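Enquirer: Got a predicted structure here, sequence first:
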Number of protein chains: 4
Amino acid sequence: MSRTPDTWILTAHCPSLLGTVDVVTRYLFEQGCYVTEHHSFDDRLASRFFIRVEFRTQADFDEATFLAGLNERTAPFDMRTELTPPGYRAKVVIMVSKADHCLNDLLYRQRTGQLPMDITAIVSNHPDLKPLADWHGIPYHHFPLDPNDKPAQERRVMQVVEDTGAELVVLARYMQVLSADLCRKLDGRAINIHHSLLPGFKGAKPYHQAYQKGVKLVGATAHFINNDLDEGPIITQGVESVDHAHYPEDLVAKGRDIECLTLARAVGYFLERRVFLNANRTVVL
Amino acid sequence: MSRTPDTWILTAHCPSLLGTVDVVTRYLFEQGCYVTEHHSFDDRLASRFFIRVEFRTQADFDEATFLAGLNERTAPFDMRTELTPPGYRAKVVIMVSKADHCLNDLLYRQRTGQLPMDITAIVSNHPDLKPLADWHGIPYHHFPLDPNDKPAQERRVMQVVEDTGAELVVLARYMQVLSADLCRKLDGRAINIHHSLLPGFKGAKPYHQAYQKGVKLVGATAHFINNDLDEGPIITQGVESVDHAHYPEDLVAKGRDIECLTLARAVGYFLERRVFLNANRTVVL
Amino acid sequence: MSRTPDTWILTAHCPSLLGTVDVVTRYLFEQGCYVTEHHSFDDRLASRFFIRVEFRTQADFDEATFLAGLNERTAPFDMRTELTPPGYRAKVVIMVSKADHCLNDLLYRQRTGQLPMDITAIVSNHPDLKPLADWHGIPYHHFPLDPNDKPAQERRVMQVVEDTGAELVVLARYMQVLSADLCRKLDGRAINIHHSLLPGFKGAKPYHQAYQKGVKLVGATAHFINNDLDEGPIITQGVESVDHAHYPEDLVAKGRDIECLTLARAVGYFLERRVFLNANRTVVL
Amino acid sequence: MSRTPDTWILTAHCPSLLGTVDVVTRYLFEQGCYVTEHHSFDDRLASRFFIRVEFRTQADFDEATFLAGLNERTAPFDMRTELTPPGYRAKVVIMVSKADHCLNDLLYRQRTGQLPMDITAIVSNHPDLKPLADWHGIPYHHFPLDPNDKPAQERRVMQVVEDTGAELVVLARYMQVLSADLCRKLDGRAINIHHSLLPGFKGAKPYHQAYQKGVKLVGATAHFINNDLDEGPIITQGVESVDHAHYPEDLVAKGRDIECLTLARAVGYFLERRVFLNANRTVVL
């Protein structure tokens, strides 16, 4: 699971076809790559193939040459490949509103290196969490929402994402619905944490809904956003048991830990190149 | 948790009022009862009080006298009390269709004494599980469903419940919706196991629904039936994590264990007098 | 579980005897106290009684008068009582070495009010975590260990505990063994987090021990310290599943979350007056 | 996870070396095998490679030819390969004493096809569980222990294993220590369930040990036997939380479910060819 400092990650996916595994593993062998972990899955209902390989390289390994050769070889399979070098740190933008537990958790995991990412900016529709960002030395952008011009605010958000070269946007309890336009632009690279076991309790105030229903388990769902609210592909979910003595505010409090853990796990999977979109589902290798 | 062989259980509930705890504990003390476990909860949103006490008695303890005195004392509180003697075994009717995992599990737990109940009858709309019932020496009633006269079948079911003096009916994967009439008759004493984390995936084929949604957790919900399908008060829920490699049939297979465990836990809570109805929710002490 | 702002907590324990529940509940009733939650347990093997009650009071409630009366009434039972007023915040000293995850977690939970405590001081044998303490505005005492005079360092620690009036000391990954003398002084009020499922893997480097044994579950144990290393009464434990791909450093990383959660839960139980010592075990109501 | 009816499983392991993945995947491709799932792991501390592949074959696939070719190709790697055909059912002998919960569970899972095995015999040092075996139509051998000649009893056990061609022996709460000789004969193909979270509470009466220590979690460990008692390589572990109210007999009762589930999971992993011995640890792919 932990990798030596010279470990690369190769991921790929394509339509199901005889030879998908072999085309990858043979090329790796020919290039002198030493495979330390290999996981592939062929989804027989979706007819789609997914592969993730960790490998170490020879001294004379050249990334560009390797990729060029790989893509030539895999072209007949319509395979989309991604290569992640050792020590790579993804650039990430975090969006928040007022609740700080998920942000605090992500900042801690960045600072200690547990999540190999660089948070390039924190964007919020409220000013409240600026001190927390300041202490970690991360730019904080307060973009208030103009109810008459929501697109304007989203353009500013997108500008930050582009300017900082972020490949991932994390909605760490950002309490606004993104427009269909922004969802499309961030397709497959924006992760939201919803505080319920989706598809149960979609929409607002899920813990209050959960209290009304008298459930004995509450949880959180980390998912890619799409333009169907709280319906995006699920990456991972977490759960906690509760009982009759949990009033709505207790569910809210209890949920914070599981929200943090579930979101951090999803972000970790993404950064380690474990997550693949598979129509409205995900494959996590 | 385990009780000495001379332990009684007293449960009660009533509207919230000053003195609800004292009226019970003082009476127990006056009657020389030795309290070994006491749990009470006053629901401040529902304004309702719930109490469960385990106690041992003096040699001259008389159940009828005790109850008469208790009810006189608690009458001003509009308190409904229930007293369960040591070694009490509830009479239970189990309803099944074709799936046998929950039935097999309940029969095992009855046989070994883990669930202190006497299964007085097994009722099914199919003949398939008769051999299993026979091996355990329990009467098996095959009441096929006449699509033109569903009430007739339900009358036969209810007749068995009444004839055998069953206080609890367990729907152990009984795949028919009960009529509003039967639900009303069995209000608060019929437990169903639904194979999803309600309120997610209500209705038919929940595991297939779960697969479509790509959830990463599946579960089961044990709940009292009411006439709003799959909306009855939840007693307990269980959960298992799954991944992309679980096809619908894998979810079905994976779910069996958690269905068994969740249903057995709910039945155990009921038999130990831990479950209280609290409007559309439950209190489990 | 959550309490209205006028809720008191009363706890007590004493040898088992007829009347222990009644003496408490009757007095509460006579004083006009409204009980919202009551949990008592009589340990039949240890012959010891434990009780925890949450209640609201009348306008004219006087703490001193109440306690005097209570203690007079409960004296024949040799009952030790403790009364915690609404909004009470315990004073807590935290001890750390170099690892910051548990400290960071506790500071966050203090800041957000999730743990109702005032951290009066952070004590360490290393200077590393001072910046974190500074940001939260909490005094940080760096007391290096003099291998030739360990008692001197412990006297300085104890001085801080006494000077700040701390009722609880939390060893948040403090990597030194306390002397028998200090253990005795902190008996019943110092909580340690050990990074294994005690009693498995006592002593140093438990994750490395766990790797050698090839376990498939790792965990953490929060326990009261006593002078038998890693043998103090256990308050709560947490667990995570791992597999063959977890090298020792992965177990260390994986364990951090469960250490934080387990320690925070134990501290929360303590602050809510849920934890009772019961010889070398605990009762958690 | 579920497989189409024409799916083969290939597993292999060998010392770490460049080309281990390629030699397998290339051969599969050349033989026209369609890989549906592939998982390989190279243990950098043990310097050992493990691989498990599921694949479908062409119409003209011949097992013997395939294996001969594979073994020729992989010989330079000192690779040990195993090929499991579609629909394969392993022959299994189960050993029990008096407790029936694990046996009952395994019999149920065999009967319903959840565990693809044929239980060829049940062996016990007591006669008690014969009726259960009879109902399932499985030969039951009562081999009492002669304290003066334990080897004689073990020879009879081993005779049954050999006569029935069993590849796996499951100790489903068999309460006798096997001799070093028998352990060696069954090396890597005998799975035991121990009712504790090993290495905690080795030896006799682990739940009573657990009660004495006041642990808040109990569990079960399924492991290969070896001649160091309760020290064999762990396959999987399960866990349940408990509290102060669990007396030793409650721990015993609570543990039964987790013992059943943990043992069934281990047996399932074995039957699906997921378990590899890796010195005193296991790899589970």
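Expert: Nice, thanks for sending it over. Numbers count the residues shown, from 1 in each chain, chains lettered A, B, ... in the order given.
Enquirer: all helices for chain A, in order.
Expert: For chain A, the helices defined by DSSP state H occupy A:20-30, A:63-74, A:101-111, A:130-135, A:150-163, A:180-185, A:206-213, A:248-271.
Enquirer: Now the fourth one: buried residues?
Expert: By neighbour count with 16 or more other C-beta atoms under 10 Å in any protein chain shown, helix A:130-135 contains the buried residues A:132-133. Yep, even glycine has a C-beta here, placed from its N, CA and C like the rest.
Enquirer: which residues touch it?
Expert: With contacts defined as C-beta atoms under 8 Å, 6 or more residues apart in numbering or on different chains, helix A:130-135 is touched by A:100, A:103-104, A:107, A:122, A:139-140, A:142, C:135.
Enquirer: and with 10 Å instead?
Expert: By C-beta atoms under 10 Å, 6 or more residues apart in numbering or on different chains, the residues outside helix A:130-135 that reach it are A:94, A:96, A:100, A:103-104, A:107, A:119, A:121-122, A:124, A:138-142, C:131-132, C:135-136.
Enquirer: Neighbours of the residue of the stretch 51-200 of chain A found nearest chain D, how many?
Expert: Nearest to chain D in the stretch 51-200 of chain A, going by C-beta to the nearest C-beta, is A:Ile51, at a distance of 8.0 Å. By other C-beta atoms under 10 Å in any protein chain shown, the residues close to A:Ile51 number 25.
Enquirer: Would you agree it is in contact with A:Val21?
Expert: Yes - A:Ile51 lies in contact with A:Val21 (C-beta atoms under 10 Å); the separation is 6.9 Å.
Enquirer: hey, what's in contact with both of those two?
Expert: Shared contacts of A:Ile51 and A:Val21, defined by C-beta under 10 Å, 6+ apart, comprise A:38, A:40, A:42, D:35, D:38.
Enquirer: give me every residue that touches the first one.
Expert: Going back to what we said before, that points to A:His38. Contacts of A:His38 (C-beta under 10 Å, 6+ apart): A:10, A:21, A:24-25, A:28, A:51-55, A:285, D:20-21, D:25, D:38-42, D:51, D:53.
Enquirer: Any figure for the gap between it and A:Val53?
Expert: Between A:His38 and A:Val53 the distance, using C-beta to C-beta, to the nearest Å, works out to 5 Å.
Enquirer: Need the residues touching each of these two.
Expert: Taking C-beta under 10 Å, 6+ apart as the contact definition, A:His38 and A:Val53 share the neighbouring residues A:10, A:21, A:24-25, A:28, A:285, D:21, D:38, D:40.
Enquirer: out of those, who's nearest B:Gly188?
Expert: A:Leu285 (47.5 Å; C-beta to C-beta).
Enquirer: Can you check the pLDDT for that closest one?
Expert: According to the predicted model, the pLDDT of A:Leu285 comes to 97.
Enquirer: cool, and A:Pro206?
Expert: Looking at A:Pro206, its pLDDT stands at 89.
Enquirer: Just give me how far the worst-scoring helix or strand of chain A on mean pLDDT sits from the chain centre.
Expert: Comparing helices and strands within chain A by mean pLDDT, DSSP states H and E singles out helix A:206-213 as the least confident, with a mean of 90. In terms of C-alpha atoms, centre = their mean, to the nearest Å, the gap separating the centre of helix A:206-213 from the centre of its chain is 27 Å.
Enquirer: Is it in proximity to chain C?
Expert: No - in terms of C-beta under 10 Å from any C-beta of the partner chain, no part of helix A:206-213 sits within range of chain C; the closest distance is 11.6 Å.
Enquirer: Quick check: closest non-adjacent residue to the residue of the stretch 51-200 of chain A closest to chain D.
Expert: Ranked by C-beta to C-beta, 6 or more residues apart in numbering or on different chains and with sequence neighbours excluded, the top spatial neighbour of A:Ile51 is A:Ser40, at 3.9 Å.
Enquirer: and the one you found, bridged to which residues?
Expert: A:Ile51, D:His38 (DSSP bridges).
Enquirer: any idea how far the closest residue to chain B within the stretch 101-250 of chain A lies from B:Leu197?
Expert: In the stretch 101-250 of chain A, the residue that lies nearest chain B is A:Gly214 (3.1 Å; C-beta to the nearest C-beta). In this structure, A:Gly214 and B:Leu197 are separated by 13 Å, where distance is defined by C-beta to C-beta.
Enquirer: what about the two, which has more around it?
Expert: Each of A:Gly214 and B:Leu197 has its neighbours counted (other C-beta under 10 Å); B:Leu197 has more, 28 against 21.
Enquirer: dump the residue contacts of the more buried one.
Expert: With contacts defined as C-beta under 10 Å, 6+ apart, the neighbours of B:Leu197 are A:197, A:199-200, A:215-217, A:219, A:237, A:239, B:206, B:210, B:215, B:217-221, B:234, B:237-239.
Enquirer: how about A:Glu259, what does it touch?
Expert: By C-beta under 10 Å, 6+ apart, A:Glu259 lies in contact with A:99, A:101-102, A:105, A:172-173, A:193-195, A:219-222, A:238, A:252.
Enquirer: ok, so what distance separates it from D:Ala99?
Expert: Applying C-beta to C-beta to A:Glu259 and D:Ala99 gives a distance of 42 Å.
Enquirer: ok, how many other residues are close to whichever residue of the stretch 151-285 of chain A sits closest to chain D?
Expert: Closest approach of the stretch 151-285 of chain A to chain D (C-beta to the nearest C-beta) occurs at A:Leu285, with a separation of 9.2 Å. The tally of other residues near A:Leu285 (other C-beta under 10 Å) stands at 23.
Enquirer: wait, doesn't it sit right on A:Ser40?
Expert: Yes - at 7.6 Å, A:Leu285 and A:Ser40 qualify as touching, with contact defined as C-beta under 10 Å.
Enquirer: Quickly list what's touching both of these two.
Expert: By the contact definition C-beta under 10 Å, 6+ apart, A:Leu285 and A:Ser40 are jointly contacted by A:13, A:50-53, D:39.
Enquirer: Specify which member of the residues you listed is nearest to chain C.
Expert: D:His39 (10.3 Å).
Enquirer: dump the residue contacts of the closest one.
Expert: Taking C-beta under 10 Å, 6+ apart as the criterion, D:His39 is in contact with A:37-41, A:285, D:11, D:50-54, D:274, D:283-285.
Enquirer: how much space is there between it and A:Val35?
Expert: With the distance defined as C-beta to C-beta, D:His39 ends up 12 Å from A:Val35.
Enquirer: shared neighbours of the two, anything?
Expert: In terms of C-beta under 10 Å, 6+ apart, D:His39 and A:Val35 are both contacted by the residues D:Ile51.
Enquirer: Surely the residue nearest to A:Ile51 touches D:Ile51?
Expert: No - proximity of A:Ser40 to D:Ile51 does not meet the contact threshold set by C-beta under 10 Å, at 11.5 Å.
Enquirer: picking up where we left off before, which one of the shared contacts of A:Leu285 and A:Ser40 sits closest to A:Phe270?
Expert: A:Arg52 (12.4 Å).
Enquirer: what number of residues lie near the closest one?
Expert: Other residues within reach of A:Arg52 by the criterion other C-beta under 10 Å amount to 23.
Enquirer: Same question for A:Phe41.
Expert: The burial count assigned to A:Phe41 is 26, neighbours taken as other C-beta under 10 Å.
Enquirer: Nearest residue to it in space, please, no chain neighbours.
Expert: In space, A:Phe41 is closest to A:Phe50, 5.1 Å off (C-beta to C-beta, 6+ apart).
Enquirer: That neighbour and D:Arg274, how far apart?
Expert: Relative to D:Arg274, A:Phe50 is positioned 20 Å away (C-beta to C-beta).
Enquirer: got it, and A:Arg26?
Expert: Shown here: A:Arg26 relative to D:Arg274, a distance of 26 Å by C-beta to C-beta.
Enquirer: quick revisit: model confidence for the residue nearest to A:Ile51, exactly?
Expert: 98.
Enquirer: show me the contacts for it.
Expert: Residues counted as contacts of A:Ser40 (C-beta under 10 Å, 6+ apart) are A:12-13, A:20-21, A:24-25, A:49-53, A:285, D:25, D:35-40, D:53.
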